[in-house]
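J.: A predicted structure for the sequence below; I have some questions about it.
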Amino acid sequence: MRYLALATDGDGTLLRGGRISRGALAALKRWRDKGRKLILVTGETAEQICDFPHRRLFDRIVAENGALLMRCGPRNERKLCRPPPATLLRALKQAGLSSLKRGKLILQADFKDEETIEDVLKRLKVDWEIVRNRRDLMLVPSGISKATGLLAAAKDLGIPPRLVVGVGDAENDGALLASCGLGVAVNNAVPKLKHRADYVLQGQYGKGIVELIDGLLEGKLGSESRRATG
């Protein structure tokens, strides 16, 4: 199978501690040089993405866990859902959540506040849900995920999702992997994602991305997939 695009998560997959290695950066450029497309699919906010110095390597960026399709700048953003209702924002504020942060369309909070947030959502009966990202939480409208964002980006690029490779490391990347033709986990991924992946890389973080890209370009990956066993 000749895959036409690579859709990668950001921190924890392509990035480690917010930084990209030289090897991973070179691998992305090799992928682009072969005429393939790059899609960044992340839970980061638009503001955080626009601070990323290598953002222009990507043909499309899916931000806020699938809620926002963007390049950088207000004229190049497409909202894929509505922002949180005022009743939800008010209730969360009244609950005293000190960790609550707001993106353009979604909300973020610390793992320790999960029970409080669940109580608010249950009481209000709003159509929003909690998505886990390791020790962080995201509040998103039901039905919005990295998969919906990836599908919008792939359609924008004119590429069938079955010709996209998705790679990630955390729980919220499960939807991304499931929506692609080949779903891959870096070796530092959480066990739950490894079990859902078609292929688990030997390398962690950027080393895994180098392994994946070189394997795809050399025809060593992608012809067969396997499910993780551990």
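T.: Looks like it came in fine.
J.: which residues does the spatially closest residue to I130 that is not a sequence neighbour contact?
T.: In space, and not counting its chain neighbours, I130 is closest to L137: 5.5 Å by Cβ to Cβ, 6 or more residues apart in numbering. Bear in mind the C-beta positions are built from the backbone N, C-alpha and C, glycine included. Taking Cβ atoms under 8 Å, 6 or more residues apart in numbering, we find L137 in contact with Q108, A109, D110, F111, D113, E114, I117, I130, V131.
J.: let's go with 6 Å and repeat that
T.: Taking Cβ atoms under 6 Å, 6 or more residues apart in numbering, we find L137 in contact with A109, F111, E114, I130.
J.: Any idea how many residues pack against M70?
T.: 24 (other Cβ atoms under 10 Å).
J.: L28 too?
T.: 24.
J.: Show me the contact partners of the helix or strand encompassing it.
T.: Secondary structure from DSSP states H and E places L28 in helix 22-33. Helix 22-33 has contacts (Cβ under 6 Å, 6+ apart) with L57, G206, I209, V210, I213.
J.: now, the most widely separated pair of the residues you listed?
T.: L57 and V210 (14.8 Å; Cβ to Cβ).
J.: Mind checking which of those two has more residues around it?
T.: V210 (20 against 15).
J.: Can I get the strand or helix carrying that one in PDB? Just the C-alpha atoms.
T.: Using DSSP H and E, V210 sits within helix 205-217. Only the C-alpha atoms of helix 205-217 are listed here, as PDB (Å, rounded to 0.1, in the frame of the first residue of the first chain):
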ATOM      1  CA  TYR A 205       8.800   9.800  20.400                       C
ATOM      2  CA  GLY A 206      10.800  11.200  17.400                       C
ATOM      3  CA  LYS A 207      12.800   8.000  17.000                       C
ATOM      4  CA  GLY A 208       9.600   6.200  16.400                       C
ATOM      5  CA  ILE A 209       8.600   8.800  13.700                       C
ATOM      6  CA  VAL A 210      11.900   8.300  11.900                       C
ATOM      7  CA  GLU A 211      11.400   4.500  12.000                       C
ATOM      8  CA  LEU A 212       7.800   4.900  10.700                       C
ATOM      9  CA  ILE A 213       8.600   7.300   7.800                       C
ATOM     10  CA  ASP A 214      11.700   5.400   6.700                       C
ATOM     11  CA  GLY A 215       9.900   2.100   6.900                       C
ATOM     12  CA  LEU A 216       7.000   3.400   4.800                       C
ATOM     13  CA  LEU A 217       9.300   5.000   2.200                       C
END
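J.: average model confidence for that helix?
T.: What helix 205-217 shows for mean pLDDT is 97.
J.: what's the answer for stretch 64-79, then?
T.: pLDDT averaged over stretch 64-79 gives 84.
J.: dump the residue contacts of C81.
T.: Contacts of C81 (Cβ under 6 Å, 6+ apart): A67, L105, P141, I144.
J.: Tell me which other helices or strands the lowest-mean-pLDDT helix or strand in the chain touches.
T.: Lowest by mean pLDDT, DSSP states H and E among the helices and strands of the chain is helix 46-50, with a mean of 86. Helices and strands touching helix 46-50, by 3 or more Cβ pairs under 6 Å, 6 or more residues apart in numbering; DSSP states H and E, are strand 60-63.
J.: Parallel or antiparallel, which strands does the strand it packs on pair with?
T.: In the sheet, strand 60-63 lines up against strand 37-41 (parallel), strand 68-70 (antiparallel) (DSSP bridges).
J.: could those go into JSON lines alongside distance to L25?
T.: Shown next, in JSON lines, are the strands paired with strand 60-63 (distance: least, Cβ to Cβ, whole Å):
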{"stretch": "strand 37-41", "distance to L25": "12"}
{"stretch": "strand 68-70", "distance to L25": "21"}
